[in-house]
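**Q** Quick check, what structure comes out for this input:
(one chain, ligands or ions: 2)
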Amino acid sequence: MKVAWAGSRHAVEVADRMACLVASDPVFRKDTRTMLSRKELFKDTLKKAAHAWKRTVELHLTEEEANLLRLYIDQPGYVDLHWVMFVPAIKGQGTEEQQKKWLTMAYKFQIIGTYAQTELGHGSNVQGLETTATFDPSTDEFIMHSPTLTSSKWWPGGLGKTSTHAVVYARLITEGKDYGIHGFIMQLRSLDDHSPLPGITIGDIGGKFGSGAYNSMDNGVMRLDHVRIPRDQMLMRLAQVTREGKYVHSDVPKQLLYGTMVYVRQTIVADASRALSRAVCIAVRYGAIRKQFGSKAGGPETQVLNYKTQQSRLFPFLASAYAFRFVGQWLKWLYTDVTQKLESKDFSTLPEAHACTAGLKSVTTSATADAIEECQKLCGGHGYLNSSGLPELFAVNLPACTYEGDNVVLLLQVARFLMKTVSQVASGKQPVGTTAYMGNIQHLMQCKSVVNTVEDWLNPAAIKEVFEARALRMAVNCAQNISKAPSQEEGFSELSPDLVEAAVAHVQLIIVTKFIEKLQEDILGHGVKEQLQKLCGIYALHLIHNERLGKLYAQVRPNAVALVDAFDYTDHYLGSALGRYDGDVYSALYKEAWKDPLNETVVPDGYQEHLRPLLKQQLKLSRL
Ligand SMILES: CC/C=C\C/C=C\C/C=C\C/C=C\CCC(=O)SCCNC(=O)CCNC(=O)[C@H](O)C(C)(C)COP(=O)(O)OP(=O)(O)OC[C@H]1O[C@@H](n2cnc3c(N)ncnc32)[C@H](O)[C@@H]1OP(=O)(O)O
Ligand SMILES: Cc1cc2nc3c(=O)[nH]c(=O)nc-3n(C[C@H](O)[C@H](O)[C@H](O)COP(=O)(O)OP(=O)(O)OC[C@H]3O[C@@H](n4cnc5c(N)ncnc54)[C@H](O)[C@@H]3O)c2cc1C
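**A** Numbers count the residues shown, from 1 in each chain. Ligands and ions are numbered 1, 2, ... in the order given. Model (predicted):
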């Protein structure tokens, strides 16, 4: 089952090695993280990142191993933006020459970069960004400026205190004309003493949700006061400005400017499956240990995992963890395929890649955030303790519903893609890829459900047809209602809540389809495929609230712990007293409690100043 989850024996081996490397190194300890102040936590992040780089160099780690090392350190920091966004932005939007110059320094950590797009006044609406980059032909420079308070760059990870450079997104103005948003490489801080360069006001935006979480990261604010940069620091793969100041757009779609976001959205789907699997691992293992109430005759108490209500709340998350894992593996293939096509100027699958990455990022992160919160409740009071690992997991993964694109905004992008496809089908064009099912419109608009028993629901063809019909009918219904509106734009706006639902149905069809396709592969291990088939049934059925789920839950219950053990997480990475592999929950909870700084003294700080006088005062009054 480990191989089915990881994707290959090699993946299992590398993951085990990196997880153990992190778990065995005291520098990477996590157990006191939520007890640190904001400054201590930030400094701890710098220490871990520097140590990780040192180990990467000492051990000659590959890029795959280094990425896994960062993942198992499990502490958001500037390195995430450097590797996940700054480097990909230069790769995707820089010329060969610019890549050579800047990536050479970035790969050696001679500079630390971030991705500075969002502003105080605009995040979702990229075309509304206000920062300006005005070309000055007299000096062959761009003048980078924040014209308004709302144009302050706001949120970029690492910007506050760490990054020395950034790809800054700004309105390109040359010869008095505004050509919209383009990317520019800017140095922000001196490489000698780390002080901000002249004209740059920069700092952290303040504390964020949760006690640890993104408070380990210095998300920053930056204002630019007419800062000059050389013309060749405009990322010029998609467009150029000549020495004379002429704007020249290359022959690639302008949407490639958004390429970094597409890349990151596809990685976030894998992140979501990992976060969800961690929460499910904790809740399933704890549910097998925790006993509450038993037979009236004083018999042994019952494992809470045996209660049908616990199973109906938890097993859809177990199924979703596997579903998101498999669709994330497919999405990585899709992204790689689109990127290769772009190299040969084939832009035909760019719209599909945008719709799939936007839709899957949205659906998987929303479901994961909701599931982690429910897993906290599934663990009762102990799920609320930091030592359960669940509050931190929730706080770190909740913002994924917003960063890299607000989930509703992204679903509306999917809806726009679906409406375009429906109208193409109406004009006789055969849809392909993930919308191919829309070509079967006659059948799917009339077909009656062919599933009646639980066994029917384990028939992949039946499941797929139900989800295709559901998605198509919702999309066609929206299209028909939009066509009745005074204008397409007005109709789209009025119908936007229904369009979001139609987009979700389309994305869920993709997830179910990819789970079914995974089951058609050769899957190693005795009985593994059968278990995955049941999980596929649970994932599909729970989305359409089918009453036959109970039978499937009962069939999964005996293997529930084995299915979460297959995620192969070390206790260090899981970071949970409830989810420990050895199940020694109560002694772990008790031991963790005493680590809290509040327990450093038996009489708490503040007693002498605030508690003793009050108690003495009240005691005196009571004797009057
Ligand atoms: C902090 C994290 C640390 C640790 C965690 C580690 C890892 C996690 C990884 C990363 C997370 C890190 C930090 C987060 C970083 C950020 O948040 S970066 C900022 C992210 N911001 C966004 O995502 C902004 C979202 N908004 C947009 O993408 C765009 O504004 C929009 C797509 C919503 C709208 O763009 P417009 O230019 O206005 O276009 P439109 O009019 O809607 O559409 C025009 C046509 O273009 C097509 N299109 C739009 N986008 C794309 C795209 N990306 N690719 C291809 N095509 C695109 C669209 O479909 C339209 O096509 P038509 O044919 O219909 O015309
Ligand atoms: C932890 C974290 C890290 C981040 N890191 C970075 C970073 O490194 N670099 C960077 O550039 N940015 C970063 N961001 C910013 C992030 O990308 C934006 O917050 C995100 O794109 C959402 O934009 P917004 O904040 O403007 O939300 P808004 O768009 O203002 O959303 C507010 C509400 O308005 C709704 N809404 C907006 N537009 C529409 C519409 N057209 N139709 C219907 N509803 C709509 C949304 O659904 C939402 O409910 C980070 C954010 C977080 C939380």
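
**Q** which element is Ile181 on?
**A** Counting by DSSP states H and E, the element that carries Ile181 is strand 177-187.

**Q** Show me which positions of that strand end up buried.
**A** Under the neighbour-count criterion of 16 or more other C-beta atoms under 10 Å, strand 177-187 has 179, 181-187 buried. Placement of C-beta: from N, CA and C, glycine included.

**Q** so which of the residues you listed comes closest to ligand 1?
**A** Ile181 (8.0 Å; C-beta to the nearest ligand atom).

**Q** got the buried residues for the host helix or strand of Ser320?
**A** Remark: Ser320 resides in helix 308-343, with elements defined by DSSP H and E. Residues of helix 308-343 classed as buried: 310-311, 313-331, 334-335, 338, 342 (neighbour count, 16+ other C-beta under 10 Å).

**Q** related to what we said a few turns ago, give me the contacts around the strand holding Ile181.
**A** 89-90, 93-94, 98, 102, 111, 116, 126-127, 129, 133, 142, 144, 164-173, 197, 227, 229, 233-235, 238-239, 247, 254, 257 (C-beta atoms under 8 Å, 6 or more residues apart in numbering).

**Q** That strand: what's the following helix or strand?
**A** Sequence-wise, the next helix or strand downstream of strand 177-187 (DSSP H and E) is strand 200-204.

**Q** Tell me the strands beside that following strand, with direction?
**A** Strand pairing for strand 200-204, determined by DSSP bridges: strand 220-224 (antiparallel).

**Q** If you count contacts, what does the helix or strand following the strand it pairs with end up packed against?
**A** Once the chain leaves strand 220-224, the next helix or strand it forms, by DSSP H and E, is strand 227-230. Applying 3 or more C-beta pairs under 8 Å, 6 or more residues apart in numbering; DSSP states H and E, one finds that strand 227-230 makes contact with strand 141-145, strand 177-187.

**Q** How about the longest one and ligand 1, touching?
**A** No - using C-beta under 6 Å from any ligand atom, we find that strand 177-187 stays clear of ligand 1, coming within 8.0 Å at best.

**Q** I'd like to know the average pLDDT value across that strand.
**A** Mean per-residue pLDDT for strand 177-187: 98.

**Q** Counting by contacts, list what the helix or strand that contains Arg17 packs against.
**A** Taking DSSP H and E as the definition, one finds Arg17 inside helix 9-23. With contacts taken as 3+ C-beta pairs under 8 Å, 6+ apart, helix 9-23 sits against helix 2-6, helix 63-73, helix 571-574.

**Q** repeat that for 10 Å
**A** Packing partners of helix 9-23 (3 or more C-beta pairs under 10 Å, 6 or more residues apart in numbering; DSSP states H and E): helix 2-6, helix 38-58, helix 63-73, helix 571-574.

**Q** neighbouring contacts of it?
**A** Applying C-beta atoms under 10 Å, 6 or more residues apart in numbering, the external contacts of helix 9-23 come out as 2-3, 5-8, 28-30, 48, 52, 55, 59, 61-62, 64-74, 524, 566-573.

**Q** could you give the angle of that helix to helix 63-73?
**A** 50 degrees (axes from the mean of the first three to the mean of the last three C-alpha atoms, to 10 degrees).

**Q** Give the next helix or strand downstream of the least confident helix or strand in the chain by mean pLDDT.
**A** Using mean pLDDT, DSSP states H and E, the weakest-scoring helix or strand in the chain turns out to be helix 454-457, at a mean of 72. Using DSSP H and E, the next helix or strand after helix 454-457 towards the C-terminus is helix 460-483.

**Q** Sort out for me which of the contacts of strand 177-187 are in helices.
**A** Among these, the residues falling in helices (DSSP state H) are 89-90, 93, 98, 102.

**Q** hang on, the earlier thing: quick one: distance of the least confident helix or strand of the chain to the chain centre.
**A** 33 Å (C-alpha atoms, centre = their mean, to the nearest Å).

**Q** Any chance of a markdown table for the ones in helices among the contacts of strand 177-187, columns distance to ligand 1, neighbour count and pLDDT?
**A** Compiled in a markdown table, those are given as follows (distance: C-beta to the nearest ligand atom, whole Å; neighbours: other C-beta atoms under 10 Å; pLDDT from 0 to 100):
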| residue | distance to ligand 1 | neighbour count | pLDDT |
| --- | --- | --- | --- |
| Ala89 | 10 | 28 | 97 |
| Ile90 | 15 | 24 | 97 |
| Gln93 | 13 | 25 | 95 |
| Gln98 | 20 | 19 | 98 |
| Trp102 | 19 | 23 | 98 |
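
**Q** okay if I get those as TSV plus distance to Ile289?
**A** Formatted as TSV, the ones in helices among the contacts of strand 177-187 follow (distance: C-beta to C-beta, whole Å):
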residue	distance to Ile289
Ala89	46
Ile90	49
Gln93	51
Gln98	55
Trp102	51
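
**Q** now, which of those residues sits nearest Ala297?
**A** Nearest to Ala297 out of the ones in helices among the contacts of strand 177-187 is Ala89 (C-beta to C-beta; 66.7 Å).

**Q** thinking again about what came up before, quick one: is the strand holding Ile181 near ligand 2?
**A** No - legend: contact between strand 177-187 and ligand 2 by C-beta under 6 Å from any ligand atom is lacking; minimum distance shown is 11.2 Å.

**Q** Does Ser211 belong to a helix, a strand or coil?
**A** Under DSSP: H, G, I helix; E, B strand; the rest coil, Ser211 falls in the coil class.

**Q** Tell me who's in contact with the residue nearest to it when sequence neighbours are not counted.
**A** Spatial nearest neighbour of Ser211, excluding adjacent residues (C-beta to C-beta, 6 or more residues apart in numbering): Thr34 at 4.4 Å. Neighbouring residues of Thr34 by C-beta under 10 Å, 6+ apart: 41, 210-213, 215, 385-387, 389, 391-392, 395, 575, 596.

**Q** could the buried residues of strand 177-187 go into TSV alongside distance to Gly428?
**A** Shown next, in TSV, are the buried residues of strand 177-187 (distance: C-beta to C-beta, whole Å):
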residue	distance to Gly428
Tyr179	37
Ile181	36
His182	39
Gly183	40
Phe184	45
Ile185	47
Met186	50
Gln187	54
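
**Q** right, and out of those residues, which lies closest to Ala475?
**A** Checking the buried residues of strand 177-187 one by one against Ala475 (C-beta to C-beta), the nearest turns out to be Ile181, at 30.4 Å.

**Q** I'd say Gln446 and Glu465 touch.
**A** No - the pair Gln446 / Glu465 is not scored as a contact, 12.0 Å apart, by C-beta atoms under 10 Å.

**Q** where in the stretch 451-600 of the chain is pLDDT low?
**A** 454 (pLDDT under 70).

**Q** One more: the chain?
**A** In the chain, residues with pLDDT under 70: 449-450, 454.

**Q** what about the helices in the stretch 451-600 of the chain?
**A** Using DSSP state H, counting those that start in this stretch, the helices of the stretch 451-600 of the chain run over 454-457, 460-483, 488-494, 496-519, 528-543, 549-556, 560-565, 571-574, 585-593.

**Q** How about the backbone phi and psi for Gln75?
**A** Gln75 adopts backbone torsions of phi -140, psi 100, taken as degrees, to the nearest 10.

**Q** about what we covered before: let's have the helices and strands packed on strand 227-230 in a markdown table, adding distance to Asp406.
**A** Below are the helices and strands packed on strand 227-230 laid out as a markdown table (distance: least, C-beta to C-beta, whole Å):
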| stretch | distance to Asp406 |
| --- | --- |
| strand 141-145 | 26 |
| strand 177-187 | 18 |
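
**Q** What about the residue in the stretch 501-624 of the chain that ligand 2 sits nearest to, how many residues nearby?
**A** Nearest to ligand 2 in the stretch 501-624 of the chain, going by C-beta to the nearest ligand atom, is Ala503, at a distance of 12.3 Å. For Ala503, the tally of surrounding residues (other C-beta atoms under 10 Å) stands at 30.

**Q** cool, Gly94 as well?
**A** Around Gly94 there are 23 residues (other C-beta under 10 Å).

**Q** who's in contact with it?
**A** Applying C-beta under 10 Å, 6+ apart, the residues near Gly94 are 100-103, 167, 183, 185, 233-238.

**Q** Please pick the buried ones from those residues.
**A** By 16+ other C-beta under 10 Å, the contacts of Gly94 give 101-103, 167, 183, 185, 233-238 as buried.
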